[in-house]
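# with the sequence up front, the predicted model follows.
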Amino acid sequence: MGKWTVGYHDEVLRAKMKSLVSGAIKRSKLENAEPWISYDTFVEELDSGDSFTTSIIDILVKELAERHFRHNEADRGLIADRTALSLKRLSNPVRVYGARSDWRGVVGRRGVDLTEYLSAPPDQDEMDEDDEDVNVSYEPANGGILEGARINSELHPVGRVSQTRIL
């Protein structure tokens, strides 16, 4: 196989994208999915500046880069943890358009079942991510005294009257 030119790379990308989009449209039509879109309309409506479109392409590029460096061929077909988390974030209910009848007259907000939200277990992926960002050490570096700690020998247990009287 010879060296590919920039023009050939562009042509291969164009052909692959056309094939992927055409295949998705055909599958959608076979599944009688609603709403349906034609290839021409899809091409006309695709906005390269749209945040959802750029996010999907960013996720795809990062996923393919990660798969490229996997040594085991069978592992190359698996989705990376980072990709799964990115897709989950992208589907956050705040970013999902709902039917107009679900809206309660407040622009940009949807009704939330507070009981369901508060009783749901914490999202493990979100908790794991928060743990990665925080690097906290509770060991004092300055001779055993925590910075900001207040050592006061005049503190008294609750319910005990202080021996100091104000005259």
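Cool, the structure landed. Since the structure is predicted, the reported quantities are computational estimates derived from the model, not experimental observations.

# residue ranges in this structure under the pLDDT threshold?
1, 99-167 (pLDDT under 70).

# if we go to 90?
1-4, 29, 32-36, 52, 69-77, 79, 87-167 (pLDDT under 90).

# can you map out the helices along it?
With DSSP state H as the criterion, the chain has helices at 6-30, 39-45, 51-68, 81-90, 114-119, 124-133.

# list the helices and strands the first one packs on?
When you say that, I think you mean helix 6-30. Where contact means 3 or more Cβ pairs under 8 Å, 6 or more residues apart in numbering; DSSP states H and E, helix 6-30 is packed against helix 39-45. For the C-beta atoms, the positions are set from N, CA and C on the backbone; glycine is no exception.

# circling back to that earlier point, I'd like the helices of the chain written out as a markdown table, with mean neighbour count and distance to Gly98 added.
Below are those laid out as a markdown table (neighbours: other Cβ atoms under 10 Å; distance: least, Cβ to Cβ, whole Å):
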| stretch | mean neighbour count | distance to Gly98 |
| --- | --- | --- |
| helix 6-30 | 11 | 21 |
| helix 39-45 | 11 | 21 |
| helix 51-68 | 13 | 15 |
| helix 81-90 | 14 | 16 |
| helix 114-119 | 8 | 16 |
| helix 124-133 | 10 | 22 |
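
# who wins for proximity to Asp75 among those helices?
When the helices of the chain are compared by Cβ to Cβ, helix 51-68 sits nearest Asp75, at 8.1 Å.

# need the residues that contact that closest one.
Helix 51-68 is contacted by residues Leu46, Asp47, Ser48, Arg76, Ile79, Ala80, Arg82, Thr83, Ser86, Leu87, Leu90 when judged by Cβ atoms under 8 Å, 6 or more residues apart in numbering.

# now do that helix against helix 81-90, angle only.
170 degrees (axes from the mean of the first three to the mean of the last three Cα atoms, to 10 degrees).

# in this structure Lys29 contacts Trp36, no?
Yes: applying Cβ atoms under 8 Å as the test, Lys29 and Trp36 come out as touching, 6.1 Å apart.

# for the residue lying closest to Val12 once chain neighbours are set aside, what are phi and psi?
Of all residues not flanking Val12 in the chain, Trp4 sits nearest, at 7.7 Å (Cβ to Cβ, 6 or more residues apart in numbering). Here is the backbone geometry of Trp4 (degrees, to the nearest 10): phi -80, psi 140.

# quick one: Trp4 and Ser86, what's the gap?
Going from Trp4 to Ser86 by Cβ to Cβ, to the nearest Å gives 29 Å.
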